[in-house]
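> need coordinates for the following:
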Amino acid sequence: MTMFFTSDEHYAHRNAIKYCGRPFINEDEADETMINRHNSKVTNKDTTVHGGDFTLISNTELVFKKYVYRLNGSHIFIRGSHDRWLDKAYHEIWTRTINKQHIVVCHYAMLVWPRSHYNSWLLFGHSHGALNDLVRGKCHDIGVDNNNFYPLSEDEIFDIMKSKPDNFNLVRGEERDDL
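Numbering: from 1, shown residues only. The predicted model follows:
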């Protein structure tokens, strides 16, 4: 099983093409391209963390029928700015340790995040690649606009983070699990 990360798909959102400069004729082409690219990497044994703004559609049953059931794997959804279809049981922020690395996923970029002082990684969306020159440390925009409309595997995230500098607030010393 592999973990994948993505954000800001904006399924069925015609204006995302215009606002984000997406290379699609219409939302149907955008939707089909993202579904196909997702399924070309993600198997049914994998899990994808969606970092928010999955769709503007507010009908949960319709979202599952049109999109979620068509995407390979299981899914974890983080609430973004437009995710009215998610009930209150869904995450605003998600944290896990993968291969001994603490990873935080939030829809929004942050200057500090849980365990950032111990070099945890932040995966965020919302900015559609516009913050790449501003973010510092172990963080990456997982939005589709920043990643050629593909989800990123945990291995790809690990490779990306190798070239990133340590977090500015890194505390050198012994790792603590209680902070």
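
> any low-confidence regions in the chain?
Within the chain, the ranges that satisfy pLDDT under 70 run 89, 174-179.

> ranges for the helices of it?
14-20, 27-41, 60-66, 154-162 (DSSP state H).

> residues making contact with the third one?
If I follow you right, that is helix 60-66. 11-12, 54-55, 57, 85-87 (C-beta atoms under 8 Å, 6 or more residues apart in numbering). (Each C-beta comes from the backbone N, C-alpha and C, glycine too.)

> repeat that with 10 Å
Contact partners of helix 60-66, identified using C-beta atoms under 10 Å, 6 or more residues apart in numbering, comprise 11-12, 31, 35, 54-57, 59, 68-70, 75, 77, 83-87.

> now a ChimeraX select for only the buried ones of these.
Filtering those down to the buried ones (16 or more other C-beta atoms under 10 Å) takes a single ChimeraX command:
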select :11,12,31,35,54,55,56,57,68,75,77,83,85,86
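
> among the contacts of helix 60-66, which are located in strands?
Cross-referencing those against strands under DSSP state E gives 75, 77.

> related to what we said a few turns ago, hey, which of the helices of the chain is tucked in deepest?
Among those, the stretch with the highest mean neighbour count (mean count of other C-beta atoms under 10 Å) is helix 27-41, at a mean of 16.

> that one vs helix 154-162, what angle?
Interaxial angle, helix 27-41 versus helix 154-162 (axes from the mean of the first three to the mean of the last three C-alpha atoms, to 10 degrees): 90 degrees.

> nearest to Ser127, of the helices of the chain?
With C-beta to C-beta, the closest approach to Ser127 among the helices of the chain belongs to helix 14-20: 10.3 Å.

> I'd like to know which elements that closest one is packed against.
Applying 3 or more C-beta pairs under 10 Å, 6 or more residues apart in numbering; DSSP states H and E, one finds that helix 14-20 contacts helix 27-41.

> can you get me a residue count around Glu92?
With neighbours defined by other C-beta atoms under 10 Å, the count for Glu92 comes to 12.

> if you could redo that for Arg172, that was the one I meant.
7.

> contacts for stretch 77-90, please.
So stretch 77-90 is contacted by 7-10, 13, 16, 48-64, 67-68, 76, 91-94, 105-108, 123-126, 143 (C-beta under 10 Å, 6+ apart).

> rerun at 6 Å
50-54, 56-58, 60, 63, 91-92, 94, 105, 107 (C-beta atoms under 6 Å, 6 or more residues apart in numbering).
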